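> below: sequence and its predicted model.
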Amino acid sequence: MPASVAHSLSLLEPPAPRLVGIARLAAAGESLSEGHDVEYFTLPVKSLLNRCTSPHVPFTWTINPYRGCEFACKYCYARYTHEFMEMRDGVDFERKIYVKQQAAWLLRQDLKQVKRGEEIAIGTATDPYQPAERRYGITRVILEEFALHAGLELGIVTKSNLILRDAELLRRIAEKNQLYINVTITTLDVRLARILEPRAPRPDLRLEAVRKLNEAGVRAGVICAPVVPGITDDPRALDALVRATREAGGRYIFANPLFLKPCSAAIFLPFLEKEFPHLVENYRRRYMSRAFLPASYRKRISSLMAALRRKHGFAAREAATRIPESHYPLPEETQQLALF
Ligand code: SF4
């Protein structure tokens, strides 16, 4: 292309956005793995604990050792976290993974703000045991710091059996703190899990992690989230999952319906068109003007799960003290529609 044409074209391009805050830090990150499908970058953050102000979640603080998640679940709502770094195509979230630096030192400083009874949730917007953890060990470093403290309330959410690497460390933390391990399983169907959660470990491996953690003295249960309408919400499939959780020694199981923010709909709807075309129209109608399904659907799932927990002998006391049947903001109670 002649230089004059290239120059004219460059004049037509919008100016690059001025990057501030986390977007500026991400842009300065150093590539740790060029040439691989997934690229890792350093992220020199200023704090590790984030205060969560939503009244609808049971925790006050969150920790995400990484930004982005290689497991690439089609329904993932956390893709928006890359938008803060000016990466808006949704796919960067699963291909550009940011590794937080100086985690132990930051955590030590940040913990001074945490009051008694305030729960800290690890892995709310990225999986703390995704493949990056094998290489960079940020979650491990964080847990080693927690092992030096007492009286904290901690929860970890993961889809990975890599957590078993830290079983002994978790047991030590649980001796002096309240610790729950929430293993996410959306379906027992391996084929379905492979297309919904392409790079996450198989569901049977996750169940095995639940079993081994409990055997090691670490309290672990299952979160079935999201329940994907028309795909994973068959009552027989949920019944099988609750039974399998019980048989694996899981202490509790909860479920939450899918919600679709625009950033997750951009990935999920094309997935639906490819794999479940008969559901597309229904989804478009239901999620067109809001991210949540109606309260009636959420209540149906909630009642079904309560009945299944009773049927399979889950302790009511454990259920009552654990996470309510929503880890996420709830839809308006006024939205009453029948669906699916
Ligand atoms: S494991 Fe969690 S954070 Fe990672 S892609 Fe799946 S839903 Fe998103």
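Everything's here; your move. A quick note: this is a predicted structure, and the numbers were derived from the prediction, not measured. Residues are numbered from 1 along each chain as shown.
> against which helices or strands is the longest helix seen in the chain packed?
The longest helix of the chain (DSSP state H) is helix 295-311. Applying 3 or more C-beta pairs under 8 Å, 6 or more residues apart in numbering; DSSP states H and E, one finds that helix 295-311 makes contact with helix 235-247, strand 253-257. Any C-beta I mention is one placed from the backbone N, CA and C, and that applies to glycine too.
> comparing those, which comes out most buried?
Ranked by mean neighbour count, those are led by strand 253-257 with a mean of 23 (mean count of other C-beta atoms under 10 Å).
> coming back round to it: so the longest helix of the chain versus helix 235-247, what angle?
Helix 295-311 and helix 235-247 are oriented at 40 degrees to each other (axes from the mean of the first three to the mean of the last three C-alpha atoms, to 10 degrees).
> for helix 295-311, buried residues please.
Using 16 or more other C-beta atoms under 10 Å as the test for burial, helix 295-311 gives 295, 297-298, 300-302, 304-305, 308-309.
> quickly name whichever of the residues you listed is closest to Pro270.
Tyr297 (23.1 Å; C-beta to C-beta).
> one step back: what's the closest of the helices and strands packed on helix 295-311 to the ligand?
strand 253-257 (11.8 Å; C-beta to the nearest ligand atom).
> OK, contacts around Ile223?
Residues near Ile223 by C-beta atoms under 8 Å, 6 or more residues apart in numbering: 157, 182-185, 253-256, 323, 327.
> and with 10 Å instead?
When contacts are counted by C-beta atoms under 10 Å, 6 or more residues apart in numbering, Ile223 touches 155, 157-159, 182-186, 252-256, 322-323, 327.
> again, but for Cys76
Cys76 touches 69, 90, 93-94, 125-127, 197, 226, 261, 263-264, 267-268, counting by C-beta under 10 Å, 6+ apart.
> most neighbours, which of those?
Using other C-beta atoms under 10 Å as the neighbour criterion, Asp127 leads those with 32 neighbours.
> hang on, that residue is in a strand, isn't it?
No. Under DSSP: H, G, I helix; E, B strand; the rest coil, Asp127 falls outside any strand and is assigned coil.
> pretty sure it is touching Asn64, no?
Yes. The pair Asp127 and Asn64 qualifies as a contact (C-beta atoms under 10 Å) at a distance of 9.2 Å.
> mind listing the helices for the stretch 51-200 of the chain?
Secondary structure of the stretch 51-200 of the chain (DSSP state H, counting those that start in this stretch): helices at 80-83, 92-95, 103-110, 132-136, 138-146, 167-176, 190-196.
> so which other helices or strands are in contact with the second one?
Contact analysis of helix 92-95 by 3 or more C-beta pairs under 10 Å, 6 or more residues apart in numbering; DSSP states H and E lists helix 80-83, helix 262-275 as its packing neighbours.
> and the last one, by the same measure?
With contacts defined as 3+ C-beta pairs under 10 Å, 6+ apart, the packing partners of helix 190-196 are helix 203-215, helix 262-275.
> for Ala28, report the pLDDT, please.
With respect to pLDDT, Ala28 scores 63.
> for Ser289, same thing?
At Ser289, pLDDT is 81.
> do Gln102 as well
Gln102 is given a pLDDT of 95.
> and the gap between the spatially closest residue to Asp37 that is not a sequence neighbour and Cys69?
With C-beta to C-beta, 6 or more residues apart in numbering as the criterion, Asp37 has its nearest non-adjacent residue at 6.7 Å, and that residue is Arg95. To Cys69, Arg95 is 10 Å away according to C-beta to C-beta, to the nearest Å.
> so what sits against both of the two?
In contact with both Arg95 and Cys69: His82, using C-beta under 10 Å, 6+ apart.
> what is the neighbour count of whichever residue of the stretch 151-300 of the chain sits closest to the ligand?
Here the stretch 151-300 of the chain gets closest to the ligand at one residue, Lys159, 4.8 Å apart by C-beta to the nearest ligand atom. Other residues within reach of Lys159, judged by other C-beta under 10 Å, total 28.
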